[in-house]
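K.L.:
coords below, sequence missing:
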């Protein structure tokens, strides 16, 4: 294991920038170098995770079928960096011969081999009918269980279309049809499990996301009384694009105001969508980079003219939000379901005087990913299906929640809504935030913008 870890670090140090290079532009790799890392991560996942997961779920044949422009979500995560979609009908087949007999064989029963990771298994000159060739492979291997991607609880694991299922079943031998099972848990395991190599990469991905947030929470970007929430949203979207990155959801910006600020805006007919001094500015933001997703909610405060720090009420609210995060992650345990974790955390939080709204989700190859769901904002009594799924090791979660925290009357007579979200890794025994979490406010000083005038 030590040699593997050393080799892993050495590989990525070939591509990743050193910590001496701190600009966001320097942290982001050219496309060609990204492709090398993405393909290395994929091959490592296929080599290590698929055999482990197929044996965990007692599946000896896994068949994933897609057509171009209608890709199965799982198949999409198994394509090399230069394959942006399936080609014609692409069928990926995994056959587990057992660890002692060569392990898991990977076959592309398609007109083309899939890069150098799925060997081509169909020659149309020898057998013109693709379905017949697939049936031959199944007949010769004679699996005890054939897993197909259909699922009631996860869209990610439900990628098999009606026509592809119909034609697969129609062509395989009669004796194999009763051996078809859902690949639901196998698919979810593939999507939710992070490798050691991926976690090295995730550190940089998160640091980039945090860096972009910090850039926008600045008096050089925000002019109080002029900048709207939409202006800031599109600043972030443009910044993501200019850096050569993508996002999997549209950024959102909102403001919470003290009772005094709210009264002032109503009295003076000021625009509620404009950001003013004294505002608590909240962002929900994410990027997609190297096939990994981020999802972050943080908060900033715009200083008034006579202020040099965040009001004490906001510090109290943030501390309450951190406390709720700690309660939640402290309840993580292998085998414990999302619904069990949700109930435990809500009971603890309410007893501590913090109003909990918890809507935490897995993240990784997808943003709202497959895996253990811990509440939804409108389902605080539990989530049927995905909330009943037990937690596994080596998984990543967006710790997303709202803490209703009592604050001094100088800010509000009602509990403040402290909305936080931060991505973290659970290794089976401990939880850690991938690149830290927000424990102090971003401070937006309007004077920073005035200095450039």
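P.N.:
Yep, that arrived. Given the structure is predicted, the values throughout are model-derived calculations rather than measurements.

K.L.:
Show me what counts as buried in stretch 421-431.
P.N.:
For stretch 421-431, burial by neighbour count (16 or more other CB atoms under 10 Å) applies to 421-426, 431. C-beta: built from backbone N, CA, C; applies to glycine.

K.L.:
what about the helices in the protein?
P.N.:
If DSSP state H is used as the criterion, the helices of the chain fall at 2-13, 24-27, 31-56, 73-76, 130-141, 162-171, 174-177, 184-192, 196-216, 229-242, 259-267, 312-330, 338-351, 446-450.

K.L.:
of all the ones you listed, which lies closest to residue 253?
P.N.:
helix 229-242 (4.3 Å; CB to CB).

K.L.:
For the closest one, give me every contacting residue.
P.N.:
For helix 229-242, the external contacting residues (CB atoms under 8 Å, 6 or more residues apart in numbering) are 212, 215-216, 221-222, 246-247, 250-255, 273-275, 281, 283, 285, 287.

K.L.:
which residues does residue 357 form a beta bridge with?
P.N.:
residue 402 (DSSP bridges).

K.L.:
quick one: it and residue 380 touch, right?
P.N.:
Yes: look at residue 357 against residue 380 with CB atoms under 8 Å: they come within range, at 6.6 Å.

K.L.:
Compare the two (neighbour count), which wins?
P.N.:
Neighbour totals were compared for residue 357 and residue 380, and residue 357 leads with 19 against 15 (other CB atoms under 10 Å).

K.L.:
I'd like to know how far the more buried one sits from residue 294.
P.N.:
For residue 357, the distance to residue 294 equals 21 Å [CB to CB, to the nearest Å].

K.L.:
same check, this time on residue 288
P.N.:
8 Å.

K.L.:
rewinding a little: between which two of the buried residues of stretch 421-431 is the distance greatest?
P.N.:
421 and 426 (15.9 Å).

K.L.:
Could I get the contacting residues of residue 287?
P.N.:
205, 208-209, 212, 240, 245-247, 293-294.

K.L.:
quick one: least confident helix or strand in the protein?
P.N.:
helix 2-13 (a mean of 46; mean pLDDT, DSSP states H and E).

K.L.:
out of the helices of the chain, deepest packed?
P.N.:
helix 184-192 (a mean of 23; mean count of other CB atoms under 10 Å).

K.L.:
Quick one: mean pLDDT for that helix?
P.N.:
Mean pLDDT, computed over helix 184-192, is 97.

K.L.:
any low-confidence regions in this protein?
P.N.:
1-21, 450-453 (pLDDT under 70).

K.L.:
Kindly report the domain assignment for it.
P.N.:
Per automatic domain parsing, the domain ranges recorded for the chain read 16-190, 195-450.

K.L.:
Please produce TSV containing the helices of the chain, extended by distance to residue 388.
P.N.:
Below are the helices of the chain laid out as TSV (distance: least, CB to CB, whole Å):
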stretch	distance to residue 388
helix 2-13	34
helix 24-27	39
helix 31-56	18
helix 73-76	21
helix 130-141	32
helix 162-171	25
helix 174-177	29
helix 184-192	12
helix 196-216	26
helix 229-242	35
helix 259-267	42
helix 312-330	18
helix 338-351	6
helix 446-450	49
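
K.L.:
How about residue 304, nearest residue that isn't a chain neighbour?
P.N.:
residue 277 (4.7 Å; CB to CB, 6 or more residues apart in numbering).

K.L.:
mind listing what the one you found touches?
P.N.:
224-225, 302-305, 446.

K.L.:
same thing but at 7 Å, please
P.N.:
The contact partners of residue 277, by CB atoms under 7 Å, 6 or more residues apart in numbering, come to 224, 302-305, 446.

K.L.:
and what of residue 154?
P.N.:
Contacts for residue 154 (CB under 7 Å, 6+ apart) come out as 184, 188, 370, 386.

K.L.:
Fine by me, we can end here.
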